[in-house]
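> generate a structure from the sequence data that follows.
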Amino acid sequence: MKKPELVEMEVAKRDLIDGLIKGIDVITAFNDDTVRLTASELAEKVALSRSAARRYLLTLVHIGLAATDGRSFWLTPKVLNLGRSYLDSARLPRAIVPFLQRLTLQLQESTNYSVLEGDDVVYVSRVNAPRLLTTGFEPGTRLPAYTSTAGRVLLSAMPDADLRAYLERIELIAYTHLTVVDKEQLFQELIAIREDGFGVTENQYEIGLRGISVPIKSRRGALIGALSVSMMISSSSKAEATARCLPALQATANTLMMWV
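So this is what the prediction gives:
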């Protein structure tokens, strides 16, 4: 099956539905920091009047995407159907799972397929290691790209000018005391990943967590995502983990390149 080509489109404002755009803004206003929102809090967060914010919230309640106690509002599990629609309709996220399953079985570590969305890395598909305690991030998780091994691999594929522009516009936040927050140092580390063809990071988003990642490319050389493995640092040294996991990651990426 031929992979469809992406097309850049310029859309006139008259062809856009502002209400749909704002509705998505309303849904994404809920996160770890704001699990529940009042109409006033939502209005301030997404630049709406209080009455408009309340109408949006009541509409979400009406269609089952939100619930309320009369004052605060929160999302319901039905919102997961929005992400499920993508997973059900997109060929690659579904088709890549058997490859992740084989890789996880081989390495006994959790594996992921990720893509770059704006300045974030999004974990699209994941297979957990067969252990009581697993590490890493569930499908749908978004992280600042610079904190993730997969994100860094995807960033490293950018031309230098685009990479400099990315570093210029973002704020580097220290999620741990070891997170790289010096932009020049990060730039050089990204260039090194580009040259090496893989990335390894430790303690960047969470203390004790290591990631190893390689790019996934199409037969035409287009970057289509990143393949990664996540593990606890305590399980082995960085050198041992890289020597054990990198060949399997690269072999799987090469197989996927022939398939996509």
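
> mind listing what's buried along the top helix by length along the chain?
Among the segments of the chain that qualify as a helix by DSSP state H, the longest is helix 238-259. Under the neighbour-count criterion of 16 or more other C-beta atoms under 10 Å, helix 238-259 has 241-242, 244-246, 248-249, 252-253, 256-257 buried. In short, each C-beta sits where N, CA and C put it, glycine included.

> of these, closest to Tyr205?
Ala241 (17.1 Å; C-beta to C-beta).

> read off the pLDDT value for that closest one.
For Ala241, the pLDDT comes out at 94.

> surely it meets Arg210?
Yes: using C-beta atoms under 8 Å, Ala241 is in contact with Arg210, at 6.4 Å.

> now do the shared contacts for those two.
200, 231 (C-beta atoms under 8 Å, 6 or more residues apart in numbering).

> let me see the ranges of the helices in the stretch 151-260 of the chain.
With DSSP state H, counting those that start in this stretch, the ranges of helices along the stretch 151-260 of the chain come out as 160-169, 183-196, 238-259.

> roughly how far is the last one from the heart of the chain?
Spelled out, it's helix 238-259. Chain-centre distance of helix 238-259: 20 Å, with C-alpha atoms, centre = their mean, to the nearest Å.

> by how many degrees do it and helix 183-196 diverge?
60 degrees (axes from the mean of the first three to the mean of the last three C-alpha atoms, to 10 degrees).

> what's next to helix 238-259, contact-wise?
Helix 238-259 is contacted by residues 95-96, 99, 102-103, 106-107, 109, 197-198, 200, 202, 210, 212-219, 227-229, 231, 235-236 when judged by C-beta under 8 Å, 6+ apart.

> what do you get for the first one?
In this structure, residues lying in contact with helix 160-169 by C-beta under 8 Å, 6+ apart are 119, 155-156, 158, 183, 186-187, 190-191.

> quick one: buried ones out of those residues?
155-156, 158, 183, 186-187, 190.
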